[in-house]
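> With the sequence up front, the predicted model follows.
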Amino acid sequence: MINDGVKILIHTDRLRHNARCLKARCRGIMPVIKADAYGHGLEETAAILESEGTGWFAIGAVDEGVRLRKAGVKANIVALLGLLQPEDAMLAAEYKIMPLIHSFAVLKQMADCGRPADIAIKCNTGMNRLGFTLEDMPKLTETLQSFPFLRPQIAITHLACADEEAGDQVTLWQINTFSSCVSSLRTTFPAMKASCLNSPGLLSWPQYCRKFPELEAAAPFALELTRPGIVLYGENPLAGTDREKLGSDVLPVMEAQTSVLAVYTLQQGDSVSYGHTYTAPSPRRVAIIAAGYAEGFSRALSNKGFVCLKGGRAPIIGRVCMQMSLIDVTEQPDTTRGDTVWILGGPDTSAVQPITAREMAGWAGTISYEVLCSLGRNRRIFLP
Ligand SMILES: *Cc1c(COP(=O)(O)O)cnc(C)c1O
């Protein structure tokens, strides 16, 4: 956290709403709360979701799991990054956090620690980032059997192209391959669970089954433990696609506010901010706001995008600075120092469309995930 220029509002009621919407679509969820719950607050998000009955969480590093245990979280926890620090194997065993074992090297590291522990197995079915391939399964099973104090609880794979219909063949291939991995593992570890659907995969599952009728029989486990991330925080990963409707019932959990530091008039021909990249075409009212790239208000928003204030939208003008930016408030003439400005979300009036993370990401040339993670580094206020 850099300063108090930007304030993050977390609508916990919307988080609960989203969790319930998703649970209605499957038999169980393992919310993905890595990266400080996509900027929404690790411990706070976990506590809310656990009170909604969540029995599993996916985090990034083991150390986040230690924080959750210290905060009293009882649910199963899977650390998606596996073992990052030398002490992680010991910590995972001690705090009952399942590291995601994605290679023989990591498996050996976990075994070398010598402590009984639950573990998760990462299968690479096409993301081609981390994990064991289908061909690795016999050797993996054999190696696991030589470490009986390690208990494989769950197999996980991650879909690479679930957010676009054009990727359906890849998804089908991945799920079928995963199904073979799971069958192979279950011959030795019959109680192992399996998890493969991320946010877009979970939302699209009914469509996959319609398009590929054999899928339901091939992957009966698909809806047992899904791993929603972005959709839980209220961003529809299918927005802008033909499947948009499948995720239209979730509500954005995060809003970001800043305030007006100063307002002044710009004469025609005056230029502003670094590089003088904006020149007033006519006399303009300009407000300086206390948000810059240090607060996660990306410099890529320079001369692009909008903020919400006074029941309207004001365009960002000139370069975004480290802790300040400029907006054109000519259309909001009563703007004064101290006014609240929404850089994400918006006031509760029908007069103005709230700014969505997806929209802001579009202006900045990135994705909503990055917007939430970046803004989420500021001070957060949790609303009931
Ligand atoms: C981040 C992540 C997810 C969640 O992805 P979303 O697109 O946010 O739903 C699921 N599984 C794994 C392994 C991940 O790394």
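Sure thing, it's come through. Numbering: from 1, shown residues only.

> Could you find the closest non-adjacent residue to the residue of the chain found nearest the ligand?
Minimum separation of the chain from the ligand (C-beta to the nearest ligand atom) falls at G229, amounting to 2.3 Å. Glycine gets a C-beta too; all of them are placed from N, C-alpha and C. Distances taken as C-beta to C-beta, 6 or more residues apart in numbering place V32 nearest to G229, at 3.7 Å, with adjacent residues excluded.

> hmm, the longest strand anywhere in the chain touching the ligand?
Ranked by residue count and defined by DSSP state E, the top strand of the chain is strand 254-266. No. With C-beta under 6 Å from any ligand atom as the criterion, the ligand is not reached by strand 254-266; the gap is at least 14.0 Å.

> and that strand, what's its mean pLDDT?
Over the span of strand 254-266, the pLDDT mean works out to 98.

> in it, what counts as buried?
Neighbour counts over strand 254-266 (16 or more other C-beta atoms under 10 Å) mark M254, E255, A256, Q257, T258, S259, V260, V263, L266 as buried.

> Could you list every helix and strand in contact with that strand?
Applying 3 or more C-beta pairs under 8 Å, 6 or more residues apart in numbering; DSSP states H and E, we find strand 254-266 packed against strand 7-11, strand 284-289, strand 340-344, helix 368-375.

> so how many other residues sit close to the nearest residue to S282 once chain neighbours are set aside?
Counting by C-beta to C-beta, 6+ apart, Q268 is the residue found nearest to S282 once chain neighbours are left out, at 5.2 Å. Using other C-beta atoms under 10 Å, Q268 has 10 other residues around it.

> What of L344?
Residues contacting L344 under the criterion other C-beta under 10 Å number 27.

> Wait, E44 touches F382, no?
Yes. Using C-beta atoms under 8 Å, E44 makes contact with F382 at a distance of 5.8 Å.

> Mind listing the shared neighbours of those two?
Taking C-beta atoms under 8 Å, 6 or more residues apart in numbering as the contact rule, E44 and F382 both touch I10, T12.

> My guess is G41 contacts L15. True?
No. Taking C-beta under 8 Å as the definition, G41 is not a contact partner of L15, at 10.1 Å.

> Tell me which of these two has more neighbours.
Here G41 and L15 are compared on neighbour count by other C-beta under 10 Å; more neighbours surround L15, at 26 against 20.

> Doesn't the more buried one belong to a helix?
Yes. Using DSSP: H, G, I helix; E, B strand; the rest coil, the secondary structure at L15 is a helix.

> Find the nearest non-adjacent residue to it, please.
Leaving aside its chain neighbours, L15 sits nearest to V253 (4.9 Å; criterion: C-beta to C-beta, 6+ apart).

> just to revisit the earlier point, closest to L215 out of the buried residues of strand 254-266?
Using C-beta to C-beta, M254 comes nearest to L215 of those, at 33.8 Å.

> show me what contacts K23?
Shown in contact with K23 (C-beta under 8 Å, 6+ apart): I29, E52, G53.

> Torsion angles phi and psi at it?
Per-residue torsions, K23: phi -60, psi -30 (degrees, to the nearest 10).

> and if you look at L309?
phi -160, psi 150.

> quick one: which helix or strand includes M90?
helix 88-95 (DSSP states H and E).

> and T366, what is it in contact with?
Contacts of T366 by C-beta under 8 Å, 6+ apart are S298, A300.

> Which pLDDT value belongs to it?
Looking at T366, the pLDDT reads 97.

> got it, and the one 5 residues further on?
Confidence at V371, expressed as pLDDT, is 98.

> Name the nearest residue to it, ignoring sequence neighbours.
Closest residue in space to V371, ignoring its immediate chain neighbours: A357 at 4.4 Å, by C-beta to C-beta, 6+ apart.

> Next: M360.
Distances taken as C-beta to C-beta, 6+ apart put V371 closest to M360, at 5.1 Å, once the chain neighbours are dropped.

> Could you double-check that that neighbour lies in contact with L344?
Yes. Taking contacts as C-beta under 8 Å, V371 lies within contact range of L344: 7.2 Å.

> which residues are common contacts for the two?
By C-beta under 8 Å, 6+ apart, V371 and L344 have these common neighbours: A357, M360.

> quick one: which of the contacts of K23 is most hemmed in?
That'd be I29 among the contacts of K23, by other C-beta under 10 Å, with 28 neighbours.

> Domain map for this protein?
As assigned by automatic domain parsing, the chain contains the domains 31-247, 254-383.

> so how far is the last one off the chain centroid?
Which is domain 254-383. Between the centre of domain 254-383 and the centre of its chain there are 23 Å (C-alpha atoms, centre = their mean, to the nearest Å).

> Same question for the longest one.
Here domain 31-247 shows a centroid-to-chain-centroid distance of 14 Å under the convention C-alpha atoms, centre = their mean.

> From one end of it to the other, what's the distance?
Distance across domain 31-247, first residue to last, is 16 Å (C-alpha to C-alpha, to the nearest Å).

> What of stretch 321-333?
Distance across stretch 321-333, first residue to last, is 24 Å (C-alpha to C-alpha).

> ok, then the element right after the top helix by length along the chain?
Determined from DSSP state H, the single longest helix within the chain is helix 168-188. Downstream of helix 168-188, the first helix or strand assigned by DSSP H and E is strand 193-195.
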